[in-house]
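>>> Take this sequence and fold it.
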Amino acid sequence: MNTNFQLDSLDRKILNVLTENARTPFLEIARECGVSGAAIHQRVKKMEQAGIIQKATLKLSPQALGYFTCAFIGIQINLTTTRTHEEVFEKIKQIPEIVECHHITGKYSLLAKIYTHNNEHLKQIIVDKIQSIPEITFTETFISLEEGFIRSLIPEA
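Residues are numbered from 1 along each chain as shown. The predicted structure follows:
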């Protein structure tokens, strides 16, 4: 990863378009930016090599798939060893409803984002799969009422 890579205004335009729709053809981006398709291709390659663009992904709608409850769970671990933390993380990783998990500072060791069909399903996952992990001493759940926004970080000039 190249940490010295400097984004210019064209790079930012390209990133704005691609973060809205990663499947936008380079020629369409080129027309919008007033440059050649080859220039867009070259810029995108450079940003990939610099580690700015990691991968293009498909965003699925949890609601369209029947997952109507989104929650965040703070997970406290009884940390006897560093291995304990890694073992719990690996067990959490095996729960398919958990779509993100962050190592955090503060009261909790981990913060997990989870999608479930409903609140009853959420309760089942928490009790049967998360709290049943012996090293987990405490959890706190925050149910999302509505996703306000989500965006990619594109730094200003």
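
>>> From now on I want contacts and neighbour counts done on CA atoms only, so please keep to that.
Noted.

>>> could you measure Gln76 against Ile126, distance?
As for Gln76, its distance to Ile126 is 13 Å (criterion: CA to CA, to the nearest Å).

>>> Would you mind giving me the confidence score for Ile150?
With respect to pLDDT, Ile150 has a value of 86.

>>> Revised request: answer the last question for Ala157.
So, for Ala157, pLDDT stands at 67.

>>> what do you get for Thr81?
The confidence metric pLDDT takes the value 65 at Thr81.

>>> Likewise for Lys55?
pLDDT, Lys55: 84.

>>> Tell me how many other residues surround it.
The burial count assigned to Lys55 is 8, neighbours taken as other CA atoms under 10 Å.

>>> So which residues of this structure form helices?
9-20, 26-33, 37-49, 82-93, 119-124 (DSSP state H).

>>> which strands and helices sit next to the longest one?
In this case it means helix 37-49. Packing partners of helix 37-49 (3 or more CA pairs under 8 Å, 6 or more residues apart in numbering; DSSP states H and E): helix 9-20, helix 26-33.

>>> close enough to count as contact, Thr116 and Cys70?
Yes - counting by CA atoms under 8 Å, Thr116 touches Cys70, with 6.6 Å between them.

>>> Just the CA coordinates for the least confident helix or strand in the chain by mean pLDDT, please, in CSV.
Every helix and strand of the chain was ranked by mean pLDDT, DSSP states H and E. The lowest is helix 82-93, at a mean of 89. Written as CSV, here are the backbone C-alpha positions of helix 82-93 (Å, rounded to 0.1, in the frame of the first residue of the first chain):
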residue,chain,number,x,y,z
THR,A,82,-4.3,-12.9,23.9
ARG,A,83,-5.2,-16.3,22.5
THR,A,84,-8.6,-16.1,24.2
HIS,A,85,-9.4,-12.9,22.3
GLU,A,86,-8.5,-14.5,19.0
GLU,A,87,-10.4,-17.7,19.8
VAL,A,88,-13.6,-15.7,20.6
PHE,A,89,-13.1,-13.7,17.4
GLU,A,90,-12.9,-16.9,15.4
LYS,A,91,-16.1,-18.2,17.0
ILE,A,92,-17.9,-14.9,16.3
LYS,A,93,-16.7,-15.1,12.7
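
>>> ok, and for that helix, which residues are buried?
His85, Val88, Phe89, Ile92 (16 or more other CA atoms under 10 Å).
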